[in-house]
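> Just need the structure, nothing else, for what follows:
(one chain, ligands or ions: 1)
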Amino acid sequence: MKIAIVGTGYVGLVTGTCFAEMGNDVCCVDIDDHKVDRLRQGQLPIYEPGLEVFFERNLREGRLRFTTVLEEAVLPAEVVFLALPTPPRGDGSADLSAVLQVAAQIGSLLAAEPEPRYRVIVNKSTVPVGTAARVRRVLEEAGAVAFDVVSNPEFLREGVAVDDFMKPERVVIGTSSEHAARLMTGLYEPFVRQGNPILVMDERSAEMTKYAANAFLAAKITFMNEVANVCERLGANVDQVRIGIGTDSRIGKQFLYPGIGFGGSCFPKDVKALVHTSNEAGYQFEILEATLRVNERQRRRLAEEVVSHFGGTLKGRRVAVWGLAFKPNTDDVREAPSHYVIEVLLAAGADVVAYDPEARETTRQVLGDRIAYAESEYGALEGADVLVICTEWNEFRRPDFGRMKRLMKAPLIFDGRNLYDPKRMASLGFDYHSIGRPHYESETSDVLADERSTVDRSDSVS
Ligand code: NAD
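Got it, this is the predicted structure:
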């Protein structure tokens, strides 16, 4: 099938590449010339595990193409996916200008065809309830006649996006057109051969399904963050509570890990948008309002503890930060909790040295030289007064604690991701603080008491 993808970001690029991998003929279009140039030259503009192999193969075999010209992609296509940004506006509502603008352009292109040919226009962006109807109106107003608009929300998770797209737990197709439903079902059948469902429903329910899913998960994380905060005060251990409740199948094991709040390009914006849409419909979605408030607080909490540990100021203190990406296995730093942590640290006067395996450049674009960037996790630790952990990259899980102690000025860690066992850390001589778990007095340890003279100075900071 001939497919056009409009918007070649995290969602559009994965969607286009995976459809090409299934033998479809895919043309992706983007307004960003530089991005399109790079893609044409075989360079991926994002880090997403597993994407490169599919991308290179399909580019080489001609099933995946890139352009900046909308009509080159849209006119030959039978199905046109809109994978455009829908960022939050000041009032929390989703900004639909890219979606509506492209819909109008597509409408004019279709209207100018001498013989109208049927197309399916698919909203893959996360859009408020009623957007499929708005897009349909825009296309009609531009003069397009033979088309259906389908809502097909995307549930992929950055970091495992290719796996999620290739084997989705479910595909949601919102349409009242039987023809469009058949066409879309055919397109997705190769992805659900293990029997996962393709759910066909009306457009509004499909749009709401996406928001409800993200809002539920954001609330679940936030609930657990609050449980952790209370555990700290009551002397309970949130790790044990987590296992205690997660074994209940009604609750489930996932999304129960407390931390420094949720971030990323989706949860904060989608929760805000659902609160806004609900308000417009005359309903106050109180649990989500609280979710946003608690998350705001949670993102700053750990950093504020660091500041108060040092008596209210970090002037002259060197703070190492491990992890900048909003979660592991991505270079995406949109709404990253690390950035909120860093802002608190900087405001208290700290010199921040950060390390992230993939998100250095994306962070540099936001924070510039307000912080220093280390070339390795150990490089960030040189002379640091404290380490703050913000992202749970696997490589941080079993570090060389002896080397860490030798590099740091003091063995002090604030861990926003609960990577280590508090008792063990105390026995290794670390003053180790985590989220919702007991803090143990550190013991003077022989285990790691190597001489400072053996410090490896090869870890450089840029
Ligand atoms: P993104 O910012 O990574 O990508 C959007 C792309 O669209 C950019 O490359 C941009 O240059 C391009 N673009 C903007 N205006 C354009 C126009 N007029 N014509 C052509 N291209 C244009 O965004 P994303 O993360 O891929 O998200 C896209 C949508 O998918 C959003 O609505 C988002 O909420 C939703 N979504 C995202 C994820 C995720 O994990 N990132 C998951 C599910 C759903």
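> what's whatever helix or strand Gln240 lives in in contact with?
Using DSSP states H and E, Gln240 sits in helix 238-246. For helix 238-246, contacts defined as Cβ atoms under 8 Å, 6 or more residues apart in numbering pick out 224, 227-228, 231, 251-253, 256-258, 418, 435-437. C-beta: built from backbone N, CA, C; applies to glycine.
> continuing past that helix, what's the next helix or strand?
helix 267-280.
> Can you name the element that comes right after that following helix?
helix 286-309.
> and the angle from that next one to helix 267-280?
If you take axes from the mean of the first three to the mean of the last three Cα atoms, to 10 degrees, helix 286-309 sits at 140 degrees to helix 267-280.
> Residue of the chain nearest the ligand, please.
Gly9 (1.7 Å; Cβ to the nearest ligand atom).
> That residue touches Ala83, doesn't it?
Yes. Counting by Cβ atoms under 8 Å, Gly9 touches Ala83, with 6.7 Å between them.
> Of these two, give the one with the bigger neighbour count.
Set Gly9 next to Ala83 and count neighbours by other Cβ atoms under 10 Å: Ala83 wins out with 24 against 18.
> what's the spacing between Val352 and His309?
16 Å (Cβ to Cβ, to the nearest Å).
> Neighbour count: those two, which is higher?
More crowded of Val352 and His309, by other Cβ under 10 Å: Val352, with 23 against 15.
> what does the stretch 151-300 of the chain have sitting close to the ligand?
Residues of the stretch 151-300 of the chain lying close to the ligand by Cβ under 6 Å from any ligand atom are 154, 156, 158, 265-266.
> Distance check, the closest residue to Ser93 other than its chain neighbours against Gln284.
Once flanking residues are discounted, Ser93 sits nearest to His276: 4.4 Å by Cβ to Cβ, 6 or more residues apart in numbering. The gap separating His276 from Gln284 is 11 Å, by Cβ to Cβ.
> residues near Phe55, how many?
Phe55: 24 surrounding residues under other Cβ under 10 Å.
> And for the residue nearest to it when sequence neighbours are not counted, the neighbour number?
With Cβ to Cβ, 6+ apart as the criterion, Phe55 has its nearest non-adjacent residue at 5.1 Å, and that residue is Thr17. Counted with other Cβ under 10 Å, the neighbours of Thr17 add up to 30.
> Which residues are in contact with Thr17?
Residues in contact with Thr17 (Cβ under 8 Å, 6+ apart) are 26, 51, 54-55, 58, 64, 162.
> Gly261 now?
Applying Cβ under 8 Å, 6+ apart, the residues contacting Gly261 are 221-222, 225, 295-296, 298-299, 337, 340.
> Recalculate using a threshold of 6 Å.
Going by Cβ atoms under 6 Å, 6 or more residues apart in numbering, Gly261 touches 295, 298-299, 337.
> Now do the domain split for this protein, please.
Per automatic domain parsing, the structural domains of the chain span 2-199, 202-462.
> coming back round to it: and the residue of the chain closest to the ligand, how far is that from Val171?
Distance, Gly9 to Val171, using Cβ to Cβ: 20 Å.
> Looking at the contacts of Thr17, which are in strands?
Counting by DSSP state E, the part of the contacts of Thr17 found in strands is 26, 64.
> mind putting the contacts of Thr17 in a markdown table, distance to Glu203 included?
Listed next are the contacts of Thr17 as a markdown table, based on distance: Cβ to Cβ, whole Å:
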| residue | distance to Glu203 |
| --- | --- |
| Val26 | 24 |
| Leu51 | 30 |
| Phe54 | 30 |
| Phe55 | 31 |
| Asn58 | 30 |
| Leu64 | 29 |
| Val162 | 27 |
